[in-house]
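here is a sequence with its predicted model. Questions after.
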Amino acid sequence: MSKHVLVVGSINVDYVIHTNRLPKLGETITGDSFAMNFGGKGVNQAVAIAKAGCEVKMLGAVGTDLSGDLALKNLADCGVDGSEVLRVDAPTGAAVITVCGGDNHIILDVGANGFVTPEVIDAKRDLFAWADILVMQYEIPTESVLAAAKLAHELGKTVVLNPAPVKDVDRELYRYIDLMIPNEFEAELITGIAPVDDASAREVIASLRGLGCKNAIVTLGKHGCAYGVEDDVHFAGIYEVVTVDTTAAGDSFIGGICSKICEGWELDRAVRYAGAVSAITVSRAGAAVSIPSADEVENFLKTHTIGEHRF
Ligand code: RIB
């Protein structure tokens, strides 16, 4: 029986344009390949988990605008149950994304995502009881992240947090986190330690545990990732692919991890699967749309080997 995953997080429409260079302040330049995509860290992670075969419900908020209609249809098309998503009197979250040389800059207007309040969390207790795993990010109010983590923890659920984009939070939150998954920049902002070599990456994991998180995986871009295994820290490299667009690289990795810890996989095995999900995602344009199905990941793994981790 597939496990139940609840994603409490953001639902955005991404307005994406590709460019060879970034404009200076006040300058207009010409880009290309404009696309309107479905995104939001919450949606991207929910879609990645659903495509890997888990049963996923999403709690979030969209506006009563056309973007909200389309975003909800996208969730359904991707196999995510969006029936608990609120419709509120605010514009659906919007992200303006420039992709330059495969990498991206994102400016977010949270819009309706700001309406996922602690009161909404309290009112949806049944959803938390249904879930085996709760997955969250910081594109909804952080008080709601705290309320949701606390509730899920009290109900004995596994709580996964992607602290992105980094916010100042009540440190009580960390006590409720089973698995924290920041990237290298978020990890440095939270711990004050830049993971620039194996020793500092180990310190980052120890520091996140010291804050109260049970365990952590730190993604390190092209250097792979570091993750806690009992009292030790293990490392994994990346799969070599041609990068088209890094949007949702981290989200798809997190989705891959969550889908496999649902199945009881050890982290050593789950990070290799999640690395493949992320590698395929960055080889395509867009956010949720670029995330592969389980079959695509299986085929990829037949022909690709993960590289050695090195800084
Ligand atoms: O992580 C990528 C996501 O960040 C985009 O889809 C965008 O919506 C922003 O939330």
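Okay, I see it. Remember, it's a predicted structure, so these values are computed and weren't measured experimentally.

contact residues of the chain facing the ligand?
Contact residues, the chain versus the ligand (Cβ under 6 Å from any ligand atom): 10, 12, 14, 39-41, 44, 95, 106, 108, 139, 247-248, 251, 287. Every C-beta, even on glycine, is put in place using the N, C-alpha and C of the backbone.

which of those count as buried?
10, 12, 14, 39-41, 44, 95, 106, 108, 139, 247-248, 251, 287 (16 or more other Cβ atoms under 10 Å).

give me the subset of the residues you listed lying in helices.
41, 44, 251 (DSSP state H).

does the first one really touch Met136, like I thought?
Right, the one you point to is Lys41. No. Taking contacts as Cβ atoms under 8 Å, Lys41 lies outside contact range of Met136: 9.2 Å.

which residues are common contacts for those two?
Both Lys41 and Met136 are contacted by 9, 162, under the criterion Cβ atoms under 8 Å, 6 or more residues apart in numbering.

not counting its neighbours along the chain, what's nearest the one residue in the stretch 201-311 of the chain that gets nearest to the ligand?
Nearest residue of the stretch 201-311 of the chain to the ligand, counting by Cβ to the nearest ligand atom: Ala287, 3.6 Å away. Nearest residue to Ala287, sequence neighbours excluded (Cβ to Cβ, 6 or more residues apart in numbering): Gly39, at 3.5 Å.

show me what that neighbour is bridged to.
Per DSSP bridges, the residues bridged to Gly39 are Asn12.

who are the contact partners of it?
Here Gly39 is in contact with 12-14, 95, 97, 247-248, 286-288 (Cβ under 8 Å, 6+ apart).

the residue of the stretch 1-150 of the chain found nearest the ligand and Thr98: what is the separation?
Per Cβ to the nearest ligand atom, Gly39 is where the stretch 1-150 of the chain lies closest to the ligand, at 2.3 Å. To Thr98, Gly39 is 14 Å away according to Cβ to Cβ, to the nearest Å.

one more: Cys213?
33 Å.

looking at the two, which is more packed in?
Shown here are Cys213 and Thr98; by other Cβ atoms under 10 Å, Cys213 has more neighbours (25 against 18).

what helix or strand is that one on?
Counting by DSSP states H and E, no helix or strand carries Cys213.

OK, contacts around it?
161, 174, 177-180.

correct me, but His4 touches Phe128?
No. With contacts counted by Cβ under 8 Å, His4 stays clear of Phe128, the gap being 10.4 Å.

these two - which one has more neighbours?
In this view His4 and Phe128 are compared by other Cβ under 10 Å, and Phe128 has more residues nearby, 20 against 17.

the lengthiest helix in the chain packs against which elements?
Ranked by residue count under DSSP H, the longest helix found in the chain is helix 267-282. On a contact count with 3 or more Cβ pairs under 8 Å, 6 or more residues apart in numbering; DSSP states H and E, helix 267-282 meets strand 215-219, strand 225-229, strand 232-236, helix 249-262, helix 294-303.

tell me the most buried of these?
Counting by mean count of other Cβ atoms under 10 Å, helix 249-262 has the highest mean neighbour count of the helices and strands packed on helix 267-282, with a mean of 27.

ok, back up a step: let's have the helices and strands packed on helix 267-282 in JSON lines, adding mean pLDDT and distance to Ala279.
Shown next, in JSON lines, are the helices and strands packed on helix 267-282 (pLDDT from 0 to 100; distance: least, Cβ to Cβ, whole Å):
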{"stretch": "strand 215-219", "mean pLDDT": "98", "distance to Ala279": "12"}
{"stretch": "strand 225-229", "mean pLDDT": "98", "distance to Ala279": "12"}
{"stretch": "strand 232-236", "mean pLDDT": "98", "distance to Ala279": "12"}
{"stretch": "helix 249-262", "mean pLDDT": "97", "distance to Ala279": "9"}
{"stretch": "helix 294-303", "mean pLDDT": "97", "distance to Ala279": "7"}
